[in-house]
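# model the structure of this input:
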Amino acid sequence: MWQQKQLKVSEQVETALMNGKNINLTVKGTKIGVHNWTHGIEEKSNRYLSPENAVKVFADKMLDYSDPNRPKDRQDIIAIMVTSSNIDEFILQLESVQVLLPEPCFQQALDYAKSSRNLADSKMIKTPTIASPAFSQSADITPGSNRTLQSILRNANSIANAAKTGDPMIAIQNLLKLKQQREQQNQQKVKQITSAQGSIFAFSTQDFLENAQAKMRVNIPSASNVFTACVLFIGQDLSAIRGMLYDN
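You can find the predicted model right below:
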C-alpha cells in the first residue's frame with residue numbers, strides 16, 4: 001500500500017561519504033513515469049491528474065502481457081509519487097525531489113507546472129495511456145543523485161590511490177591539481193544532494209506484477225490531489241532506492 005515518506009540520501013551513502021569509501025549504488029531494471037502533462041499541455045487550460053488515475057496507468061501496464069519487455073517472475077517494485085492539491089506546493093515538492101531523483105518525468109512535470117501555474121482554466125483529464133511497449137529492456141536506472149555521489153567517491157579514491165603509488169612528488173602535484181579542480185565543485189554537489197529532502201508518497205513491494213498491481217490500489221493518496229507525478233521502478237534489487245525512503 002501507499003505510505004507517506006521523506007525522500008533523502010540513504011544512510012549507506014552518508015556513511016560512505018564520511019569514511020571516503022567507494023560503494024556500488026548501481027540499480028538495474030526498468031521504469032515508467034506519468035504526470036499531468038504526459039501528453040502535452042493545452043495552451044489555455046491546465047490539466048488535472050489524480051493519484052488514482054496515475055496508479056491505474058501503472059496497474060494496466062503491469063497486466064499488459066502483450067508488452068514484450070514486461071518483467072516476469074518476482075520483482076522488486078518501488079513507486080515514488082509527488083502529489084498535491086495546490087500547484088505552488090506541487091512545484092516546491094518537485095524542486096526538492098528532482099535533486100535526489102532527477103527523473104525526466106519529475107523534471108517535465110516541474111517545467112510544465114511552472115509554465116501553467118497562472119492559467120485560469122483547469123480541467124480533469126482522462127486517464128493517460130502509455131503506448132506499448134511501456135517497459136524498456138533492463139538497463140541502468142540508478143538515481144541521478146546516487147550516480148553523482150558514486151562518481152565523487154570513486155574520484156576521491158582514485159586521488160588517494162594516486163598519492164600512494166609511483167613517484168611521490170608527481171603524485172603530490174597531481175593530487176593538488178585534482179583537488180583544486182574538483183574539491184569546490186564536489187563539495188557543492190554533495191551539500192546540495194545531502195541536504196535535500198522531499199515529501200512524497202511511496203509504494204514498495206517484492207512480488208509478481210499481478211499481485212503488485214492489486215497492492216498498489218490500496219491506500220492511494222487523496223483524489224483531491226489533482227497534481228500528480230509518479231515514477232515506477234522495477235528490478236531485481238532496488239535497495240539503493242529503498243534506502244532513500246524514510247518514515248515521517
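# quick one: least confident helix or strand in the chain?
Ranked by mean pLDDT, DSSP states H and E, the weakest helix or strand in the chain is strand 122-124, scoring a mean of 49.
# average pLDDT for stretch 205-215, rounded please.
Taken as a whole, stretch 205-215 has an average pLDDT of 98.
# what comes up buried for that stretch?
Leu209, Ala212, Gln213, Lys215 (16 or more other C-beta atoms under 10 Å). Backbone N, C-alpha and C define where each C-beta goes, glycine included.
# Gln98 and Ala113 touch, don't they?
No - with contacts counted by C-beta atoms under 8 Å, Gln98 stays clear of Ala113, the gap being 11.5 Å.
# skipping adjacent residues, who's closest to the residue positioned nearest the centre of the chain in space?
In the chain, the residue lying closest to the centroid (C-alpha atoms, centre = their mean) is Leu101, at 3.3 Å. Nearest residue to Leu101, sequence neighbours excluded (C-beta to C-beta, 6 or more residues apart in numbering): Pro143, at 5.2 Å.
# could you give the number of residues near the one you found?
For Pro143, the count of nearby residues is 22 (other C-beta atoms under 10 Å).
# could you do Phe233 as well?
24.
# likewise the one 10 residues further on?
Around Gly243 sit 16 other residues, with neighbours defined as other C-beta under 10 Å.
# what does Asp140 give?
Neighbour tally, Asp140, other C-beta under 10 Å: 9.
# just checking, it touches Lys28?
Yes - the pair Asp140 / Lys28 is scored as a contact, 6.4 Å apart, by C-beta under 8 Å.
# which regions of the protein sit below the pLDDT cut-off?
Counting by pLDDT under 70, the low-confidence segments of the chain come to 20, 39-46, 118-134, 136, 139, 144-147, 149-186.
# residue ranges of the strands in it, please?
Listed in chain order, the strands of the chain (DSSP state E) span 2-7, 28-35, 46-48, 75-84, 122-124, 139-140, 198-207, 227-235, 245-247.
# and the ones you listed: which comes nearest Lys191?
Closest to Lys191 of the strands of the chain is strand 198-207 (C-beta to C-beta; 16.3 Å).
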